[in-house]
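Chemist: Could you work out the structure for the sequence below:
(one chain, ligands or ions: 1)
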Amino acid sequence: MRTAAAPNPPDLVRWPSASARSYRELGFWRGETISQALRRAAESDPHGLAVADPHNRLTFAELIGAADRRAAGFAELGLRPGDVAIPQLPNCVEFAVTMAALWFAGIVPVAALPVHREREIAAFIAQTQAAVHIVPAADALHDYPAMAAGLPGDQLRITLGSTAPAGMIPISQVSASPRDFPATDPSGLALLQCSTGSTGVPKLIPRTHDDYLYAGRACVDACALTKDDRYLAALPAAHNFALISPGVLGCLSAGIPVIFSPTPSPGDWFAAIEREQVTLTSLVPPVALTWLAAAGRRDALASLRLLQIGGATCPPALAERIEPELGCRLQQMFGMAEGMIACTRADDPPATVVNTQGRPVSPADELRVVDATGRPTAGEGELQVRGPYTIRAYYRADREARAAFTADGFYRTGDLVRLLPGNVICVTGRVKDQINRGGEKIAPDELEDCLLRHPGVYDAVVLGLPDTFLGERVCAVIIRSKTAESEPVSVRGLMDHIRSQGLAGYKVLDRIEFVAAYPSVGVGKTARQELRMALTAQLTKEAR
Ligand code: J2J
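Modeler: Next comes the predicted model:
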């Protein structure tokens with residue numbers, strides 16, 4: 001049993017009081033917590049289906065009952081309101097029960113993903129002093145309990161497996177008679193989302209009950225969903241796209257059932273859609289391509305009316321194929337875990353749906369586009385956003401993280417856009433130092449840092465090269481060290497080295513190039529960016 005509650009320092013930079021007041025007056029913030037929203041949805045339809053996966057299904061009343069018992073179980077273990085939890089939960093009914101239980105008990109979850117590994121989880125623990133880490137049972141790809149056991153910290157370790165190794169608690173034992181918990185502040189911290197980051201250290205994104213629930217409601221409205229809809233969580237459920245756009249939480253709090261598909265294969269997704277009569281789901285572009293390749297089974301998709309595609313550029317050539325080949329409407333989604341979400345709408349002309357990322361989901365989203373000198377421009381430039389569900393600062397932000405916000409509270413997205421009439425966004429590129437590999441974001445800095453830890457590497461530059469399937473793939477350009485005693489490092493050696501660094505599974509090198517020297521640029525961070533750009537241009541030209 002853990003005795004001391006983790007500290008909960010005032011880490012939340014709130015909206016200025018005048019903005020907060022107006023968001024409340026306009027009804028965007030309702031002064032409701034996520035627990036209250038879920039209970040309200042359950043009260044309006046207790047016997048309706050809430051969540052299902054291939055092995056389990058729960059009505060709203062059953063979901064609330066299971067979450068109440070688990071919340072009490074968390075309290076019995078010594079967890080306190082305000083503690084931080086790191087749940088790494090796969091897409092299954094347990095995801096909804098555990099997340100609801102954490103919120104019922106006033107515990108703040110980090111939206112960690114099953115694909116995260118030692119490096120990311122250790123960084124989350126260090127930043128939050130998390131009181132508990134919850135992992136899946138060991139599977140064919142990864143021994144989660146062993147990973148959890150090896151991580152530093154005195155956090156409790158819970159596994160979803162039915163049995164647990166020494167030092168871990170099986171989730172089946174996290175259960176007790178329901179109890180009352182102290183009221184939670186709706187304007188307080190509800191969730192720590194994960195930034196995709198452009199530096200090595202993942203930044204955490206503090207989302208409040210008020211703002212996160214509003215994002216979900218605004219997306220439900222923008223998608224014109226009703227209680228007759230059913231959402232399939234195909235992408236990892238804790239990712240902001242699948243959680244609140246409107247995703248798992250947006251749907252459940254609106255009384256819309258959520259179907260989980262644990263295995264990422266089109267065959268299983270199609271079967272789930274057919275079995276559960278799913279009406280909408282969300283995908284990243286490369287996964288949408290795999291759906292098109294499997295579209296021989298199009299009859300299985302008969303119930304699907306809306307396919308959301310986002311997370312990375314959806315090329316028009318892909319966008320144009322969705323409706324004719326899959327028989328459902330495409331909705332482009334452009335969002336960020338920091339806040340602002342934009343999407344195309346049912347009544348948009350086809351050219352807008354194919355060629356743009358639509359308009360923001362809230363009338364209170366403020367957008368501006370600035371040129372390289374920071375001045376507003378009518379042409380292409382960096383998108384900056386501010387509004388009722390866009391954060392004003394990262395969690396426990398250092399100086400570098402604070403630079404992501406302007407003095408007047410706009411978030412610098414790092415995305416290059418053109419704004420078309422009606423606030424319609426057309427994403428044209430990015431200025432941030434990041435690789436978008438099929439919707440999964442990779443900080444070149446982090447991979448470079450790992451590569452430089454190899455004794456055979458003198459210098460390393462990591463960059464994204466264009467790729468027709470993934471949008472971008474990751475390439476490392478290496479200068480070997482000239483130490484006489486060591487064998488020159490090989491491609492295989494570096495791939496193995498990266499795999500041994502405890503990084504999330506998607507942080508991979510697709511290609512490695514060895515060179516004798518880099519084109520000469522200056523020193524410092526900007527020069528590094530210039531070097532990446534010069535090498536990207538060179539390698540892209542060679543590939544043509
Ligand atoms: C180009 N780039 C895009 C798009 C995101 C909904 C949908 C996606 C996310 C997400 C999300 C893009 N075209 N359609 O949180 O709620 C890139 C941009 C953006 C970054 C944010 C949501 N959609 N992007 O992808 O936090 O560069 O959120 O700034 O993972 O993804 O990434 P993330």
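
Chemist: By proximity to the ligand, which residue of the chain wins?
Modeler: The chain approaches the ligand most closely through residue 335 (2.4 Å), counting by C-beta to the nearest ligand atom. For the C-beta atoms, the positions are set from N, CA and C on the backbone; glycine is no exception.

Chemist: In a helix, that residue, correct?
Modeler: No. Going by DSSP: H, G, I helix; E, B strand; the rest coil, the assignment for residue 335 is strand, not a helix.

Chemist: What are the boundaries of the helices in the stretch 301-450 of the chain?
Modeler: 316-326, 350-355, 399-402, 444-452 (DSSP state H, counting those that start in this stretch).

Chemist: Can you give me the buried ones in the first one?
Modeler: Using 16 or more other C-beta atoms under 10 Å as the test for burial, helix 316-326 gives 318-319, 321-322, 326.

Chemist: Identify the residues contacting the residue of the chain closest to the ligand.
Modeler: 240-241, 245, 310, 341-343 (C-beta atoms under 8 Å, 6 or more residues apart in numbering).

Chemist: hmm, 6 Å instead?
Modeler: Going by C-beta atoms under 6 Å, 6 or more residues apart in numbering, residue 335 touches 245, 341.

Chemist: Might you enumerate the residues of the stretch 351-500 of the chain proximal to the ligand?
Modeler: Contact residues, the stretch 351-500 of the chain versus the ligand (C-beta under 6 Å from any ligand atom): 357, 413, 415, 427, 430, 436, 441.

Chemist: re earlier: hey, what's the residue of the chain closest to the ligand bridged with?
Modeler: residue 341 (DSSP bridges).

Chemist: so what's it scoring on pLDDT?
Modeler: As predicted, residue 335 sits at a pLDDT of 98.

Chemist: again with the one 10 residues further on
Modeler: pLDDT for residue 345: 98.

Chemist: Next, it: phi, psi?
Modeler: Main-chain dihedrals, residue 345, degrees, to the nearest 10: phi -120, psi 160.

Chemist: ok, it - how many residues close by?
Modeler: For residue 345, the count of nearby residues is 14 (other C-beta atoms under 10 Å).

Chemist: residue contacts, it?
Modeler: No residues are in contact with residue 345 under the rule C-beta under 6 Å, 6+ apart.

Chemist: can you tell me how far it sits from residue 542?
Modeler: Note on residue 345: its distance to residue 542, by C-beta to C-beta, to the nearest Å, is 42 Å.

Chemist: Show me what from the stretch 201-350 of the chain comes close to the ligand.
Modeler: Going by C-beta under 6 Å from any ligand atom, the residues of the stretch 201-350 of the chain near the ligand are 240-241, 245, 310-313, 332-337, 341.

Chemist: mind running it again at 5 Å?
Modeler: Residues of the stretch 201-350 of the chain lying close to the ligand by C-beta under 5 Å from any ligand atom are 240-241, 245, 310-311, 313, 333-337, 341.

Chemist: So how do I select the buried members of those in PyMOL?
Modeler: Listed next is the PyMOL selection for buried residues among those, using 16+ other C-beta under 10 Å:
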select buried, resi 240+241+245+310+311+313+333+334+335+336+337+341
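
Chemist: Out of the residues of the stretch 201-350 of the chain next to the ligand, which comes closest to residue 121?
Modeler: residue 337 (17.2 Å; C-beta to C-beta).

Chemist: wait, isn't that closest one in contact with residue 205?
Modeler: Yes. Using C-beta atoms under 6 Å, residue 337 is in contact with residue 205, at 5.2 Å.

Chemist: which residues are in contact with both of the two?
Modeler: Common contact partners of residue 337 and residue 205 (C-beta under 6 Å, 6+ apart): residue 193.

Chemist: circling back: want to throw the buried residues of helix 316-326 into JSON lines with pLDDT?
Modeler: Listed next are the buried residues of helix 316-326 as JSON lines, based on pLDDT from 0 to 100:
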{"residue": "318", "pLDDT": "97"}
{"residue": "319", "pLDDT": "98"}
{"residue": "321", "pLDDT": "97"}
{"residue": "322", "pLDDT": "97"}
{"residue": "326", "pLDDT": "94"}
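
Chemist: Pull out the buried positions in stretch 411-422.
Modeler: By 16+ other C-beta under 10 Å, the buried positions in stretch 411-422 come out as 411-419.

Chemist: Can you tell me the closest non-neighbouring residue to the residue most central in space within the chain?
Modeler: Closest to where the C-alpha atoms of the chain average out (C-alpha atoms, centre = their mean) is residue 239, at 2.9 Å. Computed as C-beta to C-beta, 6 or more residues apart in numbering, the closest residue to residue 239 that is not its neighbour in sequence is residue 113, at 6.6 Å.

Chemist: Pretty sure that neighbour sits in a helix.
Modeler: No. Using three-state DSSP, the assignment for residue 113 is coil, not a helix.

Chemist: any idea how far it lies from residue 193?
Modeler: 11 Å.
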